[in-house]
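[1] Show me the folded form of this:
(2 chains, ligands or ions: 1)
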Amino acid sequence: MEKFDVIRSYAPRLDAPDKATGKAIFTDDISRPGMLYGAMLQSPHAHAKIISIDTSKAERLEGVKAVITSKEAGTIKYGVSPARYDETVFATDKVRYVGDEIAAVAATTLEIALKAVDLIQVEYKVLPAVLTIEDAMKEGAPQLHEEFAGNLCAEVHQEFGNVEEGFKKCDIIKTTTMKSKRQDAAFIEMQACLAEIDRRGTLTLTTSSQVPHYVQRTVAMVLGMDVGKIRVMKPYVGGGFGIKAAANHQELVCCILARMLNKPVKMNFTREQVFKYARARHQFTHVITTGAKKDGTLVALKHECYLDGGAYTSFGIATVYYSGALLSGPYKLPNMSYDGYRVYNNKPACGAQRGHGAVIARAAFEQQMDMIAEEIGMDPMELRIKNMMNAGDTTCNDLNMSSFGMSECIEAVREGSDWDKKKGTLPKGKGIGMACGFFVSGAGFPIYRSDTFHCTVICKLTEDGGAALVYTASAEIGQGSDTAFAMIVAEAIGIPLENVRLASGDTDMGVDLGAYSSRQTLMTGHAAKEAGEHVRQQVLEVLATQLNTPVEELDIKKGFIEFKNKTPDFSALRTRYIKEHRGWTDNPDSEKLTFKEASRIAFLEKGSIVGTGKYRPHWLGGKFKGAAVGTSPAYGCSAQVAEVTVDIETGQITIDNITDAHDCGKAINMNSVEGQMQGSISMGIGEALHEEVIFNDKGEVLNNDLAEYKIVTSMDMPPVKAIVIESDEPNGPFGAKEVGEGAIMPTIPAILNAVYDAIGVRISELPLTPERVYNAIQAYKEKKSA
Amino acid sequence: MIFTIFCVRHYEYDVGIDIFLSTYRFLYDSAMDYQIISINQKGENFMLLPKFEFYEPTSIQQAIELKKKYQGKAKLLAGGTDLLVHLKKKLITTDHIISLSKIKDLSQIKEERDFIEIGACVTMSQLSKSKVIQEKFSALKEGGDNLGNHLIRNRATIGGNVCGASPAADTLPALLVYQTQVLLQGPDGRRKVAIESFFKGPGKTIIKDDEILTGFELPIPQKNCGAHYIQLGKRKSSEINVVNVASFIEINPGNKTIKNCRIALGAVAATPIRSFFAEDALKNKTADETAFYEAGEVARRKDCKPIDDFRGTAEYRRAMIGVLTKRTLETAYKQAMAQ
Ligand SMILES: Cc1cc2nc3c(=O)[nH]c(=O)nc-3n(C[C@H](O)[C@H](O)[C@H](O)COP(=O)(O)OP(=O)(O)OC[C@H]3O[C@@H](n4cnc5c(N)ncnc54)[C@H](O)[C@@H]3O)c2cc1C
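    Numbers count the residues shown, from 1 in each chain, chains lettered A, B, ... in the order given. Predicted coordinates:
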């Protein structure tokens, strides 16, 4: 086995000291002299025509520097995927949800800005609103967008194999419907940004974003500026989970105001605005029919899905494809059909959230797996292993599993949870359940059609060789990517982690598509590795010449030069190095030649030693419409077992523990892998048990704070046994792949299956609030006694 | 003195982690002067706290004088976990805030021969650590321990919880079953009011504009008594109760009949209420599972008048009143028998 010196260890995070001592700087911590504050006027109506906007009173307020509407901001359409740009910075003719942006103010203080927003007078003609999929799809329903009749934002129809024929061969066919609720990612740092423009016209936007690159392009397009005149930076970011994976209105407004006024402008969302802006997990309704043979072999899947999209498209096109595409694995499934519909209505737009599009589909499908297992009297684990894909297999929709430790994951949780002893033996009210899941390790294609590299990395040695400086435009948003890349570079060069310094999150440092679709470790990891190796190669080449040794005989390990054969006499080099540092006290006296010495010598020969790295995946996927969605160079996979206790009288669920095994390929930083596993589980529990954005009949969010929108607290978090399974991914840097999103896939269905085991009732609607569970138990009792 | 609170994130109403993070960042940041400036700016960027005059009287008398001076317009500040949230959300406005934190008398628990007096500014954490509360008023301890989270419990006071008069508040059912007297003091002197008649509706009490709630008097339960409190929410911390129930019983040790019993229900009416029908149904009955179950049924059917809202339907609330009544009685009974 390959021996690694840096990766595959439990490394302390580079950002830990800053964050643990409160010194980490987030966007809102940054201020500039003369900075103005921006605030936005957002629609109070779910659906209304704008008759007139009068900004005169607001403009007259002392301290107000500008009031802008679509007149100043323009009406250039933008959005996430170019196929569907359906937003403008400000609403022009009408507003489509409570929160739709109408105007903005810049003023000397936030208080004045907010007061000015109140002084803007808008005359509306309120239109009837549609707030549900059902209402939006009714004949004669009010239309949100003229171009999209029937409020149908997007539809997908796919068939792989032949589902009808497949069902004919089946002994068991199960149909179930599963509904989820709209969610919020509840990241801790609300969206914030600061835009400033210098004397030469360069616009710098500092923003809490996952994707500086896409924000840069959107700003360029909407403001009509060259990409070269725009720099987007993210300082520390307090989470994103997909919601910050596209430019938001506030960022655009902030840039427009800064350019117009030639002054720095800062803007922040309040927590209410985070809920208004939304862009988090859709509400899904899945109707799934699975057919299998008596022996458990899966044959066909027919899948229909409705997505409650909200007023705009955002990531929705990708979401509606993802919801179907990712059921083709991890089980061998020759026949699959999918009909997906994303429907507009007068609520905030939904978008991408951890496990994009696939989480609820997975929850529905993994329950059916259990139903089939129960019906044929097979252990749920056995059924899954029986149908499991192997490394090298390709799904019916052309997704290739280049590595796949799924069966190992199942075995690990079987043993780790003591499944064989517990399954079927727990008392009433207690249950155990399991599920599997997999997810992409980076989207195979950029969001806009392009042959672009997905990432570039630069690595530069300091002139004394004491540090390797790494520059990447990737986005550390709390997930630990900075540490992972520093580790990869250290491993690639052959030096200790402490000798690597890394700067990231700045479009001036290169191209990086950013932190979404669990892409960075694999993709930016490749580029980082290549950049490190490039540096290493340059140092070794100089050394080879100087020592008159073939370069193949040289190696760098742990900061020292290794010679494969005989160690040549390097005393001349050492003397030269020491002469360079007269008066220094820490000159090398080690038996081995140090990397420092070697790189100093290389610097003296070549000047700057700069290594570059880049990555883009090879062409992936099939030729059918939508084939790009779901493609990835690699797939992470996982299995989980949940144990629950259900209070039969109240419906309250306690998760007693979760055993989780995840195949992340080779783990770069064990700490981060386990952290992502824990974090995914906490989010999955929240989604399974209590998270739900609730609207009133006016389209306003009722629970728009973290008191009423219930994420998991530390008290709700069960003990988690996190088992890291390491396959060796041929398409990953050092064999690595994802863990950030795949790890959430099995959580919800494992809990649902455990709850069924505990109470004997399947609940087809999330979240499993005590009341919903109680009602299900009551209905079951009534049915039984009837 | 004009006092603008600069660490408003401290009171950011987004629960849990936000509060934790903000408090925590505040503690560290404030060590360095230049960063206090940036905190100032941070404060402005959240829900803005209005400017107000801030007073810190050192005696109840002084506080009452200030209250009188500004009549209804001055607000009392105890832990601030409700007041500051309401100010920031613009649910209330005020130009004058009178802090009670410098009045020492208000933060004490005094034990007399047959009653205890709990000062209005005693915090939930203090309640939880107090020996007499632990031993003699465990239902009240349960209430305090279930309120909010650690950070909130370190600030939230019992007076604030009562004056906030939320029908779902965590200490109220226990205070009701312990036959609490509310101690009020105003320019015209003191008065004592039974807690049952203190609440008028959500957020509304009988307290007068120039009065201060100074504390609570609770008779110490005799031998053979027990009490318990349970709250039901969706998650295990920082929860706003769907319903909550406290029960108190006194047992005739000889024949195990119920000599005395009080049950209080929360979040099923405009104020926390006593469950009189259920109490009557239990009097002189033999304390056993059936009796407790039936009491729950009576409480569910006759005593509660819940409404539907987004936290729960009336129907579920009713059902849970039945369950929690039974369960609190069972635990209270075990306690009584253990003495
Ligand atoms: C995150 C969070 C979670 C919470 N969770 C819970 C919970 O689980 N259960 C629960 O019951 N509550 C909860 N609360 C509400 C609140 O914390 C409690 O009601 C608390 O007890 C209020 O006490 P305080 O000292 O902070 O009151 P303050 O906010 O200082 O005051 C509340 C009100 O009472 C008045 N007042 C205070 N003291 C007196 C006095 N001595 N005389 C006259 N008037 C007075 C004030 O003027 C104000 O109107 C929560 C609040 C937050 C922010």
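[2] Could you point out the helix or strand that follows the helix or strand where A:Met677 lies?
    Counting by DSSP states H and E, the element that carries A:Met677 is helix A:670-689. Per DSSP H and E, helix A:670-689 leads on to strand A:720-725 as the next helix or strand towards the C-terminus.
[3] Okay, now the sheet partners of that next one, with direction.
    Applying DSSP bridges, strand A:720-725 is found paired with strand A:653-663 (parallel).
[4] so what's the nearest residue to A:Glu729 once chain neighbours are set aside up against?
    Once flanking residues are discounted, A:Glu729 sits nearest to A:Gly665: 3.6 Å by C-beta to C-beta, 6 or more residues apart in numbering or on different chains. C-betas here are computed from N, CA, C, even on glycine. By C-beta atoms under 8 Å, 6 or more residues apart in numbering or on different chains, A:Gly665 lies in contact with A:403, A:441, A:634, A:636, A:726-729, A:732, A:735-737.
[5] how about a cut-off of 10 Å?
    Going by C-beta atoms under 10 Å, 6 or more residues apart in numbering or on different chains, A:Gly665 touches A:402-403, A:405, A:441, A:521-522, A:634-636, A:673, A:725-739.
[6] Mind listing the residues bridging to it?
    The partner residues for A:Gly665, given DSSP bridges, come to A:Ala736.
[7] From the contacts of A:Gly665, list just the buried residues.
    Burial by neighbour count, judged by 16 or more other C-beta atoms under 10 Å in any protein chain shown, picks out A:402-403, A:405, A:441, A:521-522, A:634-636, A:673, A:725-729, A:731-739 from these.
[8] What about these, which are in helices?
    Secondary structure from DSSP state H places A:521-522, A:673 of these in helices.
[9] For the closest residue to the ligand within the stretch 201-339 of chain B, give its distance to A:Ala475.
    Closest approach between the stretch 201-339 of chain B and the ligand, counting by C-beta to the nearest ligand atom: B:Leu213, at 3.6 Å. To A:Ala475, B:Leu213 is 52 Å away according to C-beta to C-beta, to the nearest Å.
[10] Over to A:Pro496?
    25 Å.
[11] So between those two, which is more surrounded?
    A:Ala475 (29 against 13; other C-beta atoms under 10 Å in any protein chain shown).
[12] Quick one: residues contacting that one.
    Contacts of A:Ala475 were listed using C-beta under 10 Å, 6+ apart, and they are A:209-213, A:234, A:237, A:240, A:244-245, A:481-482, A:504-506, A:512-516, A:520, A:524.
[13] Quick check: closest non-adjacent residue to residue 233.
    No chain specified, so I'll use chain A. Per C-beta to C-beta, 6+ apart, closest to A:Met233 is A:Asp506, 4.6 Å.
[14] You answered for a different chain; I wanted chain B.
    That would be B:Glu239: by C-beta to C-beta, 6+ apart, it lies 3.2 Å from B:Gly233.
[15] do the same with A:His282
    That would be A:Cys350: by C-beta to C-beta, 6+ apart, it lies 4.1 Å from A:His282.
[16] In three-state terms, label that neighbour for me.
    Following DSSP: H, G, I helix; E, B strand; the rest coil, the label given to A:Cys350 is coil.
[17] What distance do you get for it to chain B?
    20 Å (C-beta to the nearest C-beta, to the nearest Å).
[18] Over to that residue: give its phi and psi.
    Main-chain dihedrals, A:Cys350, degrees, to the nearest 10: phi -100, psi 160.
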